[in-house]
Structures are given as C-alpha cells and as structure tokens.
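Okay, sequence plus prediction incoming.
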Amino acid sequence: MATFVASVESQAVSGRAGCWAKERGFAVLVVSALTLFALAADGYHPYAEDGGLYMAGVKRLLDPAMYPRGTAFVLEPMRRSLFAPAIAGMARALDMTPEAGTHRGLPLLLLALHLASVWLTLFAGWLLAARCWPGRNGGSAARAGAVVLLACWLALPVAGTALLLMDPYLTARSFSTPAMVLALVGALDMTEGAGTDAKQRRRGVYLWAGSIALAATMHPLMAAYAFGATLMLSCMRSPRRSVQGWGTAALGVSAVALAQTLQMTTKPESADYLRVAMTRTYWFPAAWSWYELAGLAAPLAILTIFAWGRRSMTARHESAPRNSADRALTRMAVTVGATAWMVAALFARAGAATHLVARMQPLRAFQIVYLVMLLVLGAMLGERMLGRSAWRWAAAMVLLGGAMLGAERTAFPGSNHLEMPWVEARNPWVQAFLWVRANTPKDALFALDADYINAPGEDAQCFRAIAERSALPDYSKDGGEASIAPEMTPAWMSGQAAQRGLSALATTDRERVAALGRLGVTWVVLQAGAATSFDCPYANAAVRVCRLG
C-alpha cells in the first residue's frame, strides 16, 4: 500500500489527467488484492443467514419441483427483487445448474459473484474517496487509507439493525450496496461547480440514475434509502446556503411526514401478527442494549466532528468550502442518520398502533452512515499515521483485519472459515443436511426444532438451501419473512407450535407424531441428545435424521 501511495505521488509531474488514469489502473490492482484480503478476513458462508433464504429461492427457480411444501417461505424473498431470477438466469446460461450433472456448478457461480460484489464495492469506495480527497497533498494516502479500512471492516455490524455493512455471502444487498456507493459518486459528479466539464456532470447524472435503478431492481428498500441520501447530498453540495439549509430540512421533514402518512393509512394488524412482530426486537430501538444504541450515536458524533470542523481534513492550510465533497458527504451522513433515528424513535415503537414503518426498518439507512464513517476514518488513518511507511500499512492491515477475523470465527465457530465448493464441510449440521439431500425423497417434508438455527454449533446454516428439501417454518429466518408479509402469519405460527420442544428430553415420540403428522411431516432432524425410538438412518455428534413414526 505504501508503494501505491508513492506511485501516485510520483506521477504528479505527468499532468493531472495522465496521473489519474495511471492511478485508476493501479487502483484496480490494489482493489483486487484487497478483495482477496477481505475474503480472508470476513470468511465465506454461502448458505448461512439470509444467504440461505435467497439461495433457496434461486434453487426453486432452477427446479420448480423443489420445495413442494411451504413454498411461500421460499418465494417471499423474491417478491420485490430481480436478484434470484438474475442468478438463476446466469446459472442456466452458463449450464451451472444441478441438472447439468454436478452440485458444484451453482456454488462456483455464487462464489464468483460474491467476489465480484466485494470488488465492486471497494472500487466504488475508491471512486468516492477520490472525489473527497483529490490531489497530492495527503490525498493519495487518504484515498488508500479509506479503501483499506473499508476492506478490513467490510463485515462490520451496523449498530443493532441485524445488518452487516456487507454480508459474507451473496444476497440482493451484495449488489445494492456497491450501487448505493456509485450513486453517491454520481451525485458528487453531477453537482460539481459550473467551472467543471459539462460532460463530467452529465456522466454523473447517468451514473447516479443507473446506480439507483440497479439498486431498486435488487433491493427496493435499500435503494429508497440510497435515493434519499443522494438527494440530501445534492442539497449539501449546492453553492447556495439557503438550499443547503432549507433544502436539507425539507427532505428531513418530508421523511417524517411520509412515515406519519404510512402509519395512519395502514390497515389494523391482527393479534397473531403482533406476536410475530414482537419477535423482531431489532425493529425497535427502545428494546436495544446500551452498546447497540452507542452504535448509532458514535458514528454520528465522529462524523459531526469532521462535518463541521474548521478545516477539511486534506486542506489544513487553506479554507475548505462548505460544499466541498468531503464536507458535503459527512454532513449528508450525519443528517441521514439523525433523520432515520428520529423516524424510528417516533414510529418504530412496540406500542404503536401499526408497525408498517417498523417493518421498513428506517435505521437500515445507517449502512450509509457506517460506510462514510469508515471512509473518513480510513482517510485520516492513511494521511496522518501511515503515510509512506510500508511496515505501518502492513501492521494496520493485520491488526484491523485480524479483529474482523476474530469476530467472524466467533460467529461461525463450527464451520469452515471459507466454505468453498471444493472443501468438505466440517459443520455436523451441514453434514446432516447434505446427507438429507442425497438420501431422502425430493417431496419429503422435514421438521426441526423451531429455533434450530440458533443451536450451539449450527452457525445459522439454512436447512432448505443446503438439504434442498421442504421444511416447516423456523423461528428466526422464516419468522423474519412472516413479520414482513403478515399474510404468512398463520402458517408460521402453526409451524412454531408443532416444532416447539421437538428435541426436548421430555418430548415423546407419540407427542411428536401427534404434532407433526397432521401437517404431513415425514422426516425429523433431532438434536443428538433427544430421546427417540424412531428409525434414524443418519446420526453424528450433533444431530440425528429420523423417519417420523
């Protein structure tokens, strides 16, 4: 990285256009290396958490006979997104479907797309940093530091929102996130001053519009937050103080008014749905722990210091315009975060009459806040501490990346750090799910403990996506779907009641048959300590796979 900084600074005599062209080429190489570094630090778990939800949908599109029972829970993540159809279309075009004779083809495609999404996010981060910290006087070190810190902490949790800055698996957010960053880049370009090349401003408009459109096709909710953020950034970039002030205030008031309108026009919710909604504690800031609330306050405090300081970071010896790119970006992030927090405090309350605004999770807008915070802190780190010292860059990457690696191993202790298609799974739950895929009828219906996904060592590995078999809805992931789609509440509650205490020592086989047989269940996955006389053709240290009855 120090070589990168030195290379960029040595090119200044070649002229600005030539310098930037060479830097972009070198940045491609640096970002490519950082992509592999991010993969090594964050790990890769394609069928864990939300990755499993999305991949079950992709597999259903590739094979419509898959998941004949509980199909609604497989299809729900695809209702408002083109992500799954796009992945399925690529798999067919490349002949990488299971029908092509191997189960390794689709996983290879998922890995390639995951790496591509990480690369694009980091490169978009570099483009954004290049707009904020241009030139030689510390700018090159700032740009490098911004992208390095982003790569090191790409999997940083966003306060208590149950959202990571970027997931260690492929989802719709894998593409909406880089699109969001590119939209910010486009917004900065299209709001450059009148002395800027008109072609650059026009390209900025195209980049902004195309990025928002791409994000909307992948993840409409995150695209909406990105759209609002770019509007605020455009106001912050205006040369007129009245637009900076009153335009930003109008956008904030509009967000609150829209939330109020949605809350007032929402249909009444059933008592059963309210029970589902209350299981999603991350919707309600009042239910968060103190450290989760600190995860909202700290980024806003950090960015406020940079946003309203007397000097911009890379212009310590000269006045920085109020609408300079770095100041406008940080002020936008603070305003977006404060607005989102206000909306959540007013409307995302457990005791509210309706919970539509809570379902929209306004605090997810903090993904933008966290991204800007990492870029700003990384830029400061690169400019003021790392400079052109190779050993400092290396030490910083080891320490910062090591912290994320430690957090990842805590989250996935029972799984391979990199769950590559060609590596045999060591997680006993995954091993059992793979046995199910190879040895049970395709139309089988399975039951597992309602909250199996949080069992010790399970590591949030999703049964449906790995086993490719139908299952009764689980508490965690399917509960999240039911909370977003209230019409799924009855099916979810029925599944929870039938699977409650499935592996408990006190539960008898007769009780299991009585609860599950009426729902058409033919197989069960029990934890190893469960007492049963069922025929269990597969067992390991964690679980047993048994025929019901």
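Thanks, I have the structure now.

Below-threshold pLDDT in the stretch 201-350 of the chain: ranges please.
Confidence mapping of the stretch 201-350 of the chain against pLDDT under 70 gives the ranges 310-323.

where along it do the helices fall?
Assigned by DSSP state H, counting those that start in this stretch, the helices in the stretch 201-350 of the chain fall at 220-236, 241-242, 248-265, 271-277, 290-307, 325-347.

And the stretch 51-200 of the chain, by the same measure?
71-75, 83-93, 105-132, 139-152, 173-190, 198-218.

Those: which one's closest to residue 526?
helix 71-75 (21.4 Å; CB to CB). (C-beta placed from N, C-alpha, C; glycine too.)

And that closest one, what's buried?
Neighbour counts over helix 71-75 (16 or more other CB atoms under 10 Å) mark 72-75 as buried.

returning to that earlier point: go through the helices of the stretch 201-350 of the chain and name the closest to residue 470.
helix 271-277 (21.0 Å).

before we move on, the earlier item: ok, so of the buried residues of helix 71-75, who is nearest residue 151?
Residue 151 lies nearest to residue 74 out of the buried residues of helix 71-75, by CB to CB, at 33.6 Å.

which regions of this structure sit below the pLDDT cut-off?
1-22, 97-104, 135-138, 194-196, 310-323.

Which stretches in the stretch 301-450 of the chain count as strands?
445-448 (DSSP state E, counting those that start in this stretch).

For residue 215, state which of the buried residues of helix 71-75 is nearest.
residue 75 (21.7 Å).

now the closest one: how far from residue 481?
According to CB to CB, to the nearest Å, residue 75 and residue 481 sit 10 Å apart.

one step back: now distance to residue 499 too, for the buried residues of helix 71-75, in TSV please.
Below are those laid out as TSV (distance: CB to CB, whole Å):
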residue	distance to residue 499
72	17
73	14
74	18
75	21
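
quick check, nearest of the residues you listed to residue 529?
The closest of the buried residues of helix 71-75, once distances to residue 529 are taken by CB to CB, is residue 73, at 27.7 Å.

for that closest one, what are its contacts?
Contacts for residue 73 (CB atoms under 8 Å, 6 or more residues apart in numbering) come out as 473, 478, 481, 488, 491.

Enumerate every residue touching the closest residue to it other than its chain neighbours.
Leaving aside its sequence neighbours, residue 73 sits nearest to residue 478 (CB to CB, 6 or more residues apart in numbering; 5.0 Å). For residue 478, the contact set (CB under 8 Å, 6+ apart) comprises 73, 492, 495.

Let me know the secondary structure of residue 478.
helix (DSSP: H, G, I helix; E, B strand; the rest coil).

and the closest residue to residue 214 other than its chain neighbours, how many neighbours?
Distance criterion CB to CB, 6+ apart; nearest residue to residue 214, sequence neighbours excluded, is residue 179 at 4.4 Å. When neighbours are counted by other CB atoms under 10 Å, residue 179 registers 26.

any idea how far residue 179 is from residue 377?
From residue 179 to residue 377 the distance is 23 Å (CB to CB).

Please apply the same query to residue 431.
Distance of residue 431 to residue 377, given as CB to CB: 41 Å.

ok, residue 51 touching residue 167?
Yes: using CB atoms under 8 Å, residue 51 is in contact with residue 167, at 6.7 Å.

Domain boundaries for this protein, per the record?
Domains of the chain are assigned by automatic domain parsing as 2-42+104-388, 428-547.

Next, format these as JSON lines and append distance to residue 404.
Shown next, in JSON lines, are these (distance: least, CB to CB, whole Å):
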{"stretch": "domain 2-42+104-388", "distance to residue 404": "5"}
{"stretch": "domain 428-547", "distance to residue 404": "17"}
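
of all those, which lies closest to residue 412?
Closest among the domains of the chain, using CB to CB: domain 428-547, at 4.7 Å.

what about the closest one, how long is it end to end?
Start-to-end span of domain 428-547 (CA to CA, to the nearest Å) is 19 Å.

which secondary structure element contains the closest residue to residue 519 other than its chain neighbours?
Once flanking residues are discounted, residue 519 sits nearest to residue 498: 5.7 Å by CB to CB, 6+ apart. Using DSSP states H and E, the element containing residue 498 is helix 489-499.

just the CA coordinates of that helix, formatted as PDB?
Extracted in PDB, the C-alpha atoms of helix 489-499 (Å, rounded to 0.1, in the frame of the first residue of the first chain):
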ATOM      1  CA  THR A 489     -48.500 -15.400  10.000                       C
ATOM      2  CA  PRO A 490     -50.900 -18.400  10.300                       C
ATOM      3  CA  ALA A 491     -48.500 -20.800   8.600                       C
ATOM      4  CA  TRP A 492     -45.600 -19.600  10.700                       C
ATOM      5  CA  MET A 493     -47.400 -19.800  14.000                       C
ATOM      6  CA  SER A 494     -48.700 -23.300  13.100                       C
ATOM      7  CA  GLY A 495     -45.100 -24.400  12.400                       C
ATOM      8  CA  GLN A 496     -43.800 -22.900  15.600                       C
ATOM      9  CA  ALA A 497     -46.400 -24.700  17.700                       C
ATOM     10  CA  ALA A 498     -45.700 -28.100  16.000                       C
ATOM     11  CA  GLN A 499     -41.900 -27.900  16.400                       C
END
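
Which elements pack onto it?
Contact here means 3 or more CB pairs under 8 Å, 6 or more residues apart in numbering; DSSP states H and E; on that basis helix 489-499 packs against helix 271-277, strand 445-448, helix 477-484, helix 509-517.

Can you list the strands that the second one pairs with?
Paired with strand 445-448 in the same sheet, following DSSP bridges, are strand 470-471 (parallel), strand 523-527 (parallel).

so after it, what's the next helix or strand?
Using DSSP H and E, the helix or strand that directly follows strand 445-448 along the chain is helix 463-467.

re the thing from before, could you identify which of the helices of the stretch 51-200 of the chain is most buried?
helix 139-152 (a mean of 28; mean count of other CB atoms under 10 Å).

Nearest approach to residue 224 belongs to which of the helices and strands packed on helix 489-499?
Of these, nearest to residue 224 by CB to CB is helix 477-484, at 14.8 Å.

where's residue 248 relative to residue 228, distance?
The gap separating residue 248 from residue 228 is 11 Å, by CB to CB.

got the contact list for the residue nearest to residue 519?
Residue 498 makes contact with 447, 472, 515-516, 519, 521 under the criterion CB under 8 Å, 6+ apart.

Likewise for residue 148?
By CB under 8 Å, 6+ apart, the contact set of residue 148 is 1, 34, 378, 381-382, 393, 396-397, 400.

With neighbour count added, can I get the residues you listed in JSON lines?
Output for the contacts of residue 148, formatted as JSON lines (neighbours: other CB atoms under 10 Å):
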{"residue": "1", "neighbour count": "23"}
{"residue": "34", "neighbour count": "28"}
{"residue": "378", "neighbour count": "27"}
{"residue": "381", "neighbour count": "21"}
{"residue": "382", "neighbour count": "30"}
{"residue": "393", "neighbour count": "24"}
{"residue": "396", "neighbour count": "21"}
{"residue": "397", "neighbour count": "19"}
{"residue": "400", "neighbour count": "18"}
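
want to throw the residues you listed into JSON lines with distance to residue 159?
Output for the contacts of residue 148, formatted as JSON lines (distance: CB to CB, whole Å):
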{"residue": "1", "distance to residue 159": "29"}
{"residue": "34", "distance to residue 159": "25"}
{"residue": "378", "distance to residue 159": "19"}
{"residue": "381", "distance to residue 159": "22"}
{"residue": "382", "distance to residue 159": "25"}
{"residue": "393", "distance to residue 159": "29"}
{"residue": "396", "distance to residue 159": "24"}
{"residue": "397", "distance to residue 159": "25"}
{"residue": "400", "distance to residue 159": "19"}
